[in-house]
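J.: Predicted model, plus sequence, below.
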Amino acid sequence: MPILEFSGVTMSYGTGARGRTAALRDVSFVTSEGAFVVLTGPSGAGKSTLLKLVLASARPDAGTIRVADRDIHRLRKSSIPYLRRNVGAVFQDFKLLPDATALENVALALQVLGLRPAEVDARARKALRDVELDPATKRSSRCLSGGEQQRVAIARALAGDPAILLADEPTGNLDPRLSREILELLQAVRRRGMTVVIATHDPLVLDHVEVSQILSLSMGRLVNDTAAVAATSEACMASAPLSAPIPSGEPIGAVA
Ligand SMILES: Nc1ncnc2c1ncn2[C@@H]1O[C@H](COP(=O)(O)OP(=O)(O)OP(=O)(O)O)[C@@H](O)[C@H]1O
Ligand SMILES: [Mg+2]
């Protein structure tokens, strides 16, 4: 079943005298539930913009974006919590509250979902244990290492049990060993049935995870989609052979 679907999505930033910057141009793709998707492309290609649109923190100028079969830019205000529950995100700069502990950071995200305090606490502790962090630590987030902060950010995104986890350059600020650990963690998340979409230009990512779809952006255009290529060749295999089998006895190349 498709969990994420872009159809003809175009999006530009800004108006004014300097004109508009087209960040995405006519982007269409389909991602199946449970996929591990890598979104690649050079700096400025539109990767973060695409993720922002899935989070509904930006709106497309044209086209539709469906999450779990619902057009997220046509949701009523009252349905926004639906989207928040379905999509978790880890940002390039973590966006943690520096003075809050790991547990407080994760708990806050759950409170926003409207859960009861006891459930918030239980879920936040479990999410931190899942990323191998001690929920009891009293240290504020600013005193954690980059890798630990990244784990808190992942725990916060996972705590609400979303259908899709988006991660923007999750290994961007980490050394190779920590990068591998984070990728293994994301891989484990995917094995639990969650769809994972990561934006990166780190080639290490492709070596360390079982990727099910690679989306390549260049100057806002989707220039390659491995799932689309696979779907096309499957469709070709399923359709009738181009040349009818040659009846035995007839010489090859005989003209009727
Ligand atoms: N807030 C903004 N206002 C105006 N233009 C923006 C804004 N954010 C991004 N852009 C422009 O939109 C285009 C796509 O940017 P985006 O951040 O999506 O790229 P990216 O692929 O994530 O790049 P990077 O690998 O450097 O993170 C770029 O031309 C960028 O300059
Ligand atoms: Mg980016």
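T.: Perfect, thanks for sending it. Ligands and ions are numbered 1, 2, ... in the order given.
J.: Buried residues, stretch 167-177. List them.
T.: Going by neighbour count (16 or more other CB atoms under 10 Å), the buried part of stretch 167-177 is 167-172, 174. All C-beta spots, glycine's among them, are computed from the backbone N, C-alpha and C.
J.: Which neighbouring elements make contact with the lengthiest helix in the chain?
T.: As assigned by DSSP state H, the longest helix anywhere in the chain is helix 176-191. With contacts taken as 3 or more CB pairs under 8 Å, 6 or more residues apart in numbering; DSSP states H and E, helix 176-191 sits against strand 36-40, helix 146-159, strand 164-168, strand 195-199, helix 204-208.
J.: can you rerun that using 6 Å?
T.: helix 204-208 (3 or more CB pairs under 6 Å, 6 or more residues apart in numbering; DSSP states H and E).
J.: which residues touch the very next helix or strand once past the helix it packs on?
T.: Downstream of helix 204-208, the first helix or strand assigned by DSSP states H and E is strand 213-218. Residues from elsewhere that reach strand 213-218 (CB atoms under 6 Å, 6 or more residues apart in numbering): 29, 35, 37-41, 45-46, 223-227.
J.: and Cys73, how many neighbours does it have?
T.: Residue 73: His, not Cys. Counted with other CB atoms under 10 Å, the neighbours of His73 add up to 16.
J.: Could you do Arg180 as well?
T.: 17.
J.: Now do it, the pLDDT please.
T.: Looking at Arg180, its pLDDT is 87.
J.: Mind pulling up the pLDDT for the residue lying closest to it once chain neighbours are set aside?
T.: If you skip the residues right next to it in sequence, Arg180 has His208 as its closest partner in space, 5.7 Å away by CB to CB, 6 or more residues apart in numbering. According to the prediction, His208 has pLDDT 81.
J.: Can you give me the pLDDT of Pro251?
T.: Per-residue pLDDT puts Pro251 at 53.
J.: Ala254 now?
T.: For Ala254, pLDDT reads 46.
J.: With Ala240 instead?
T.: At Ala240, pLDDT is 62.
J.: what do you get for Thr21?
T.: Note for Thr21: predicted pLDDT of 79.
J.: gap between it and ligand 1?
T.: Per CB to the nearest ligand atom, to the nearest Å, Thr21 is found 5 Å from ligand 1.
J.: Hmm, that residue is touching Tyr13, no?
T.: Yes. Using CB atoms under 6 Å, Thr21 is in contact with Tyr13, at 4.7 Å.
J.: how about low-confidence regions in the stretch 1-150 of the chain?
T.: Residue ranges of the stretch 1-150 of the chain with pLDDT under 70: 16-19.
J.: residue of the stretch 101-250 of the chain with the smallest distance to ligand 1?
T.: His201 (5.7 Å; CB to the nearest ligand atom).
J.: what about that residue, which SS state?
T.: Three-state call for His201 (DSSP: H, G, I helix; E, B strand; the rest coil): coil.
J.: okay but Pro98 is in contact with Arg142, surely?
T.: Yes. Counting by CB under 6 Å, Pro98 touches Arg142, with 4.0 Å between them.
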